[in-house]
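**Student:** I'll drop the sequence and a predicted model, then ask my questions.
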Amino acid sequence: MVEVKIGLEIHCQLTGLNSKLFCPCQCDYQGEVPNTTVCPICLGLPGTLPLLNKMAVAFASMISLALGCKVQERIMFYRKNYFYPDLPKNFQITQYNAYGITSIGAEGKVDLGAKSIGIRRVQLEEDPGRLIYENADVNANFYTLIDYNRAGVALVEIVTEPDFDNPKDVRLFLDKVTSTIEHLGVCDIKLDGSLRCDVNVSLKEGKKVEIKNINSFGDVEKAIRYEITRQKTMSIREIEIKSETRHWDDARKVTMQSRTKEEEQDYRYFPEPDIPTIILGDQFISTIKTKMPELPDERKIRFLKDYALSDHVAKVLIDNKELADFFESTVKLYPSSPNEIAHWIISDLLGLIDDIKKEERSLLSGLRIEPKHIAELVKMIDQNKINRNIAKSVLSQITRTGEMPSYVLDKMNASLIDNESKIAEAIDSIFELEISAVRDAKQNPNAMNFLLGKVMQMTRGRADPKITLNLIKARLAKME
Amino acid sequence: MVSKDEIKHLGWLSRLELTTEELDRYVSQIDEIVRYFDKLDTIPLSESEWTYSTKEVSELREDANRVFKWEKLQSLKNRKDGFIKGPKMS
Amino acid sequence: MPNHLYRLTANQVTCGIKNGQFSAQEYIFQILERIEKVDNKVNAFVLVDKQGAIEKALSIDKRLRDGEAVGELAGVAVGIKDNICIKDLKTTCASNILESYIPPYDASVIRSLKENDAIIVGKLNLDEFAMGSTTEFSRYGPTRNPWNLEYVAGGSSGGSAASVAASECAVSLGSDTGGSIRCPSSFCSVVGLKPTYGCVSRSGLISYSNSLEQIGPVGKTVLDVVMVMNSIAGIDENDQTTKPIRPIATLTSEDITKSNISSKYTADQNKRNITIGLVKELIEGADPAVSKCIYSAVDLFEGSDCKCEETSMKSIQYALASYYTIATAEASSNLARYDNIRYGFEYDPEGYEWNTYFSNVRNNFGDEVKRRIIIGSYVLSAGYYGKYYLRAHIAREMIRQEIKSLFERFDVLIGPTMPILPFKIGQKIDDPLKMYQIDIDTVIANLAGIPAISMPIGFSNSFPVGLQIMADDMCEQTLFDVASFFEKIVDVRRSPEI
């Protein structure tokens, strides 16, 4: 197999801020009228100067620390010069490390269990505006519509070393980084466009191809697989692979050659003269360290220890902060069965969520479920008030109605078959169909459960399991 | 020696479309000027701190948002439905 | 009512108005009349805000009548270089590309001047985007030297110096990236200050080279310059490169203990025993017509208990190359934003491919601006960054260090502001490198970030000669002390006949 090298550039909007990176404009542009959350600074009007946001530096430092980076004592900003109509100044203020390390974070490491991924740097930069095309076919437009509301929103760019050799690890990494960012509370990852990822893919000894415009993390894997296949095919056919930037075509799920734009050697980076060298200093860094919230790795260790969860279960919960938080709130309400609670959350509750929602990571937002529901449900199971099958259907109803499990169960019980003759009818027909199972059950009481299951299936779970089991026992006894 | 192609490429990077006359003139003028800059060649490259301006984090802007009062925002150029109209992308 | 109010210094104007000798309205009418009379010859103003000026004057007069307080620059006619933004007033940088640009905000310095009740009379001519040393590269045509209208006024703040010299306003603001305040001040025989980098907010100054430039005042006297500085200097939340000012005398430790530490600069110090370093390289490189004038001034200083000593600055050899590398690099990036999308002239983008549209628009830059953009792109290019930009920065640090060590021995360093006398309009315009070389004496202060002042020191062949005084970082007060002392010894104040 040909060796593959993959590196990532993740852009994370610091939506946890009130204002943009370099001006006091409102950072939240979602749903705002175009070009209203703007000011002379983010529009790049002549004479304006960038005014670096203190909290943005703090957030970026937190991300750096969380990704195992060394936070630099002095940081600098650079200008990346290129023209594009979404860029108000026709340069982007960013950070750069070619002449000494001056980005906020550098030389980090993220542990994926089997291997670890190097973090080359973590840097602050500004988001450009948004281009909108009235006609979906870009080529059919006679003009472009520009909304500068997003221009100047703070981004943290996380650049990895090309340490991945398969798309699966990329997925694991992205899950972990996403959860970390969620735990830090610096970015609402559910917001459209708040997390974006560019990918570099190269075959062994080959040239590096950059893929941009991958709009969802789910497509990152697809884009990498497509690109690996494309490059392998080319190398088999002995076609030269060029170092280039390609775009992910969201509709067709392929990578496409980009129109000529400035390439890396054309960016003419130089230090941004309007922003002083910022001295972070030991005190700042130690203050940040004390303010760091619990991170996924630490949380997982705590979950294993405090709740005796399995490694897998803890990982699934913690990969999504929303689930982990939900779990802990539920355990607080009903501390007796953390494992049972975890099980209900990650298998049954997650099973009710469709893939699109999972991709958007807004798992529970559409459901009317709250921790108190799961807490009560698990308690009822523990007290044998409800069997698992019924509990499942109760759960699915709760997610739609928001009713308490006990209330749902009461309503169901009203329609529960407790009429012994009706259940006996069902048992009769099952005993006729499952002759060999009946024979087994006579020898082995455990096989009775099979017959019970069959009856439950026939009555679509409405038969009272206790009555049913008693009737089965009685019937078997009678046969002897 | 500064070449025509170099100046042409730099012109493109700066979105300046130079006429043949400008190109010829700039090539010779800029060649003369960067030759003068060659004085700098005798300076040894060394680690050099950028110290002309430094600030502590505490001196930076507080993260508070403020609306820019701008009666004439709508008179920004080329408006269409609140958007600003730009040239086509292809 | 006294005649020739327009000739008064800023200090005389505020005193006169506050003491009721004349009204702000009477004064401003004379100023407007003066502009009308002489500016068609000098071409210092690119825009006169008659209405705004009169309204401000009336409001000052009313407040004085009502017994209300007025600001420290009450009534003073101020001209503003047209690369400093004034809200709702056209700001063009003398460029076709900004011919119809109206900023929606005031530069911080403008806000300060307005708060101090200065009367802003209009916008002043400059080289396009402040790139030039003669004010010839302007869409409005060259500003002419009030001492001889066939000659250049210097630049790029030619309008700022010529307007004050021609008494079209009492004081003005210019910007100084590599000498742009001091050069025209020297050529027009007025006082011009380039403050320490970070002393005055650049917010609202349309950038040419951000790490080098500063806004500064031009006036007829050191006191006038001090008055303006007291209004505009200091830390500003809109410019993170600003620093707290140090308006205390720092000549000797004895002086520091004696002086009451005030928050304001002063011009009434009578310092003696000043240790002056005469920079050999600057004197030797100057036209004899200039150096002769400097030497006779030095004789006068030595006769007044000052200690003058010749000194050398080796790193000066790199100054010009370092300066033009850094300035053009920053400029090439600063000027990228002019794509006519968000502001600019009428030119509908619909139907144009974006690269074509941008190129068409940017074709409106003048020749010198285009040249500097390309030079700047060149020195930043991959492969040349280390050769030019990085070395220019290292050279800059060398200069800064050498200057710092000189200030351990000297209170101030002096030399000519300009190596030559004013020359005829058009004489150097076709030779960029020759033009750049006349900045050799002034760029040092910008590279080192230190304050420097140019003050009239005499005349040579009936052309003004300026003396440049440089002081250590944030030591503006030292400059004012020395300059006001020299001003008393060498009184060359005259007015040109126009």
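**Tutor:** Structure received.
**Student:** Provide the count of other residues in contact range of the closest residue to C:Ala170 other than its chain neighbours.
**Tutor:** Nearest non-adjacent residue to C:Ala170, counting by CB to CB, 6 or more residues apart in numbering or on different chains: C:Ala10, 4.3 Å away. Just so you know, the C-beta spots here come from the backbone N, C-alpha and C atoms, and that holds for glycine as well. If you count neighbours by other CB atoms under 10 Å in any protein chain shown, C:Ala10 ends up with 28.
**Student:** Check whether C:Ala10 really touches C:Asp224, as I assumed.
**Tutor:** Yes. With contact defined as CB atoms under 8 Å, C:Ala10 reaches C:Asp224; the gap is 4.2 Å.
**Student:** list the residues that contact both of those two?
**Tutor:** Common contact partners of C:Ala10 and C:Asp224 (CB atoms under 8 Å, 6 or more residues apart in numbering or on different chains): C:Ala170, C:Val171.
**Student:** And stretch A:130-137, what's buried?
**Tutor:** A:Arg130, A:Leu131 (16 or more other CB atoms under 10 Å in any protein chain shown).
**Student:** And for stretch A:140-153?
**Tutor:** A:Asn141, A:Tyr143, A:Thr144, A:Leu145, A:Ile146, A:Asp147, A:Tyr148, A:Asn149, A:Arg150, A:Ala151, A:Gly152, A:Val153.
**Student:** just to revisit the earlier point, got phi/psi on the residue nearest to C:Ala170?
**Tutor:** phi -60, psi -40 (degrees, to the nearest 10).
**Student:** Need the pLDDT of it.
**Tutor:** C:Ala10 is assigned a pLDDT of 96 by the prediction.
**Student:** Next up, the contacts around it.
**Tutor:** C:Leu73, C:Val76, C:Ala170, C:Val171, C:Gly219, C:Lys220, C:Leu223, C:Asp224, C:Met227, C:Val228.
**Student:** Quick one: mean pLDDT for stretch C:242-250?
**Tutor:** 73.
**Student:** same thing with stretch A:283-295?
**Tutor:** Rounded mean pLDDT across stretch A:283-295 is 91.
**Student:** For whatever residue of the stretch 201-350 of chain A ends up closest to chain B, which residues are in contact?
**Tutor:** Using CB to the nearest CB, the closest approach of the stretch 201-350 of chain A to chain B is made by A:Pro276 at 3.9 Å. Residues in contact with A:Pro276 (CB under 8 Å, 6+ apart) are B:Ser53, B:Thr54, B:Lys55, C:Gln240, C:Thr241.
**Student:** Excluding covalently adjacent residues, which one is nearest to the first one?
**Tutor:** I take that to be B:Ser53. A:Pro276 (3.9 Å).
**Student:** Next secondary structure after the helix or strand harbouring A:Glu227?
**Tutor:** Using DSSP states H and E, A:Glu227 maps to helix A:217-236. Using DSSP H and E, the helix or strand that follows helix A:217-236 towards the C-terminus is strand A:244-249.
**Student:** and that following strand, which strands flank it?
**Tutor:** Partners of strand A:244-249 in the sheet, by DSSP bridges, are strand A:209-214 (parallel), strand A:254-257 (antiparallel).
**Student:** Spell out the residue ranges of the helices in the stretch 51-200 of chain A.
**Tutor:** Using DSSP state H, counting those that start in this stretch, the helices assigned to the stretch 51-200 of chain A run over residues A:54-66, A:167-184.
**Student:** Flag every buried residue along the last one.
**Tutor:** By neighbour count, with 16+ other CB under 10 Å as the criterion, the buried positions of helix A:167-184 are A:167, A:169-184.
**Student:** quick one: pLDDT of C:Leu300?
**Tutor:** pLDDT at C:Leu300 comes out at 89.
**Student:** What sits closest to it if chain neighbours are left out?
**Tutor:** Closest residue to C:Leu300 apart from its sequence neighbours, by CB to CB, 6+ apart: C:Ile489 at 5.2 Å.
**Student:** ok, now C:Tyr388?
**Tutor:** Nearest to C:Tyr388 is C:Val379, by CB to CB, 6+ apart, at 3.8 Å.
**Student:** Next, count neighbours for the nearest residue to C:Arg144 once chain neighbours are set aside.
**Tutor:** Ranked by CB to CB, 6+ apart and with sequence neighbours excluded, the top spatial neighbour of C:Arg144 is C:Val42, at 5.4 Å. For C:Val42, the neighbour count with other CB under 10 Å is 25.
**Student:** for A:Asn387, same thing?
**Tutor:** By other CB under 10 Å, neighbour count at A:Asn387 equals 16.
**Student:** surely it meets A:Lys466?
**Tutor:** No. A:Asn387 lies out of contact with A:Lys466 (CB under 8 Å); the separation is 9.1 Å.
**Student:** still on that earlier bit, between the contacts of A:Pro276, which has the most around it?
**Tutor:** The most crowded member of those, judged by other CB under 10 Å, is C:Gln240 (24 neighbours).
**Student:** surely that one meets B:Glu56?
**Tutor:** No. Counting by CB under 8 Å, C:Gln240 sits too far from B:Glu56 to count as a contact (11.1 Å).
**Student:** ok, which stretches of chain C are strands?
**Tutor:** C:45-48, C:77-81, C:119-124, C:144-145, C:148-152, C:171-176, C:191-194, C:214-219, C:275-279, C:307-311, C:412-416, C:452-460, C:463-470 (DSSP state E).
**Student:** Determine the number of other residues adjacent to C:Met131.
**Tutor:** 29.
**Student:** Next, the contact list for it, please.
**Tutor:** C:Phe137, C:Ser156, C:Tyr208, C:Ala331, C:Glu368, C:Val369, C:Arg372.
**Student:** pLDDT below threshold where in chain B?
**Tutor:** In the predicted model of chain B, residues B:47-52, B:72-75 satisfy pLDDT under 70.
**Student:** Recalculate using a threshold of 80.
**Tutor:** Low-confidence segments of chain B, defined by pLDDT under 80: B:45-52, B:69-77, B:90.
**Student:** List, one by one, the residues from it near chain A.
**Tutor:** Proximity of chain B to chain A, by CB under 8 Å from any CB of the partner chain, involves residues B:13, B:15, B:47, B:49-51, B:53-58, B:60-68, B:70, B:73, B:76, B:80-90.
**Student:** In helices, which of those appear?
**Tutor:** Secondary structure from DSSP state H places B:Leu13 of the residues of chain B next to chain A in helices.
**Student:** Filter the residues of chain B next to chain A down to the buried ones and hand me the PyMOL line.
**Tutor:** In PyMOL syntax, the buried subset of the residues of chain B next to chain A is picked out as below (16+ other CB under 10 Å):
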select buried, chain B and resi 13+15+50+53+54+55+57+60+61+63+68+70+73+76+83+84+85+86+87+88+89
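**Student:** quick one: contacts for the residue at the greatest distance from the centre of chain C?
**Tutor:** Relative to the centre of chain C, the most outlying C-alpha is that of C:Gly351, 43.2 Å out, by CA atoms, centre = their mean. C:Gly351 is in contact with A:Phe142, A:Tyr143, B:Pro87, B:Lys88, counting by CB under 8 Å, 6+ apart.
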